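Chemist: Structure here, sequence nowhere to be found:
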C-alpha cells in the first residue's frame, strides 16, 4: 500500500504511515499523536479541573465571606465545590461529543474513528473514557502503556471503542504567495476552537463561528 501523504510504501494493516506518521485513509486529518503528547494532554485535563475547582471555590468563599462572615465563607467554599463537581462533567460532555477534552484541545489532539477518521460520537467517547479507561487501568495500567508499542498507537481503551488519537493537521501556507493572499494548502480538518469538522475553504466554523484563518 502507498501512503497518500509521502507516497512511500507501507504495510496494508496500518492506519498511520511508518515514514511520515500521517493518517493513511485521509492525511489531512493529522498524524499519530505520540504517547508523551497524550500524557501531557491528560495532565492538562487534571490541571484544568483542579484550577477550576480552586478558583471557583475560593472566589465564592471570598464573596460569601465578605457578605456574611466566616461561616458564610465556608458555605461559599462548599457551594463552589458542588458547582464544580456538577458543572465540569456537563462541560466535559460537550467536549467529548467533539472527540476532545480540554487537554486535547490545548495540545491539538483529536480522537477519531479507527477506520474512517470521523467523529467517534458521544456514546463511543463515553465508552472509551469511562469503561475503556477503567479497563486500561487494570493490571498496573498496562492498557495505557500498550500505546507505546501498538502499531497504531492504540491503548486498550482505544481498541475497546475503536478510536485513534491524532495530532491535528496544521495549516501550511504557500511561501510563494507571501506577497499576495495567504492560501492554505493543508487546512485543518477540525476547527481549532470547538473541534467541529471544517473544509479548507471555510473562513469561519459553522458550529462555533471561530475564524479559520
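Modeler: Ah, there it is. Being a predicted model, the structure only gives us computed values, none of them experimental.

Chemist: how about residue 21, phi and psi?
Modeler: Note on residue 21: backbone dihedrals following degrees, to the nearest 10 are phi 60, psi 20.

Chemist: and the top helix by length along the chain, how far from the chain's centre?
Modeler: Longest helix in the chain, counting residues (DSSP state H): helix 35-68. Between the centre of helix 35-68 and the centre of its host chain there is 19 Å, according to C-alpha atoms, centre = their mean, to the nearest Å.

Chemist: next one: stretch 104-123
Modeler: Counting by C-alpha atoms, centre = their mean, stretch 104-123 comes out at 7 Å from the chain centroid.

Chemist: Can you name the secondary structure element that comes next after the longest helix of the chain?
Modeler: helix 70-97 (DSSP states H and E).

Chemist: Okay, buried residues for that next one please.
Modeler: Across helix 70-97, burial judged by 16 or more other C-beta atoms under 10 Å covers 73, 76, 77, 79, 80, 84, 88, 92, 95, 96, 97. For glycine as for every other residue, the C-beta is placed from the backbone atoms N, C-alpha and C.

Chemist: three-state assignment of residue 166?
Modeler: Here residue 166 is recorded as strand under DSSP: H, G, I helix; E, B strand; the rest coil.

Chemist: Look up how far residue 149 lies from it.
Modeler: Distance, residue 166 to residue 149, using C-beta to C-beta, to the nearest Å: 18 Å.

Chemist: So which of the two has more stuff around it?
Modeler: residue 166 (27 against 8; other C-beta atoms under 10 Å).

Chemist: Who does that one form a beta bridge with?
Modeler: residue 32, residue 110 (DSSP bridges).

Chemist: circling back to that earlier point, in the longest helix of the chain, which residues are buried?
Modeler: For helix 35-68, a neighbour-count test (16+ other C-beta under 10 Å) marks 35, 37-38, 40-42, 44-45, 48-49, 52-53, 56-57, 60-61, 64-65 as buried.

Chemist: Ok, stretch 106-123 next?
Modeler: Neighbour-count burial for stretch 106-123 flags 107, 108, 109, 110, 111, 112, 113, 114, 117, 119, 120 (criterion: 16+ other C-beta under 10 Å).

Chemist: Among those, which are located in strands?
Modeler: Counting by DSSP state E, the part of the buried residues of stretch 106-123 found in strands is 109, 110, 111, 112, 113.

Chemist: would TSV of those residues with pLDDT be doable?
Modeler: Below are these laid out as TSV (pLDDT from 0 to 100):
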residue	pLDDT
109	97
110	96
111	97
112	96
113	96
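
Chemist: Now tabulate those residues in a markdown table and tack on distance to residue 19.
Modeler: Formatted as a markdown table, those follow (distance: C-beta to C-beta, whole Å):
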| residue | distance to residue 19 |
| --- | --- |
| 109 | 21 |
| 110 | 21 |
| 111 | 24 |
| 112 | 20 |
| 113 | 23 |
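
Chemist: for residue 151, phi and psi?
Modeler: phi -60, psi -30.

Chemist: So for it, what's the pLDDT?
Modeler: Note on residue 151: pLDDT of 94.
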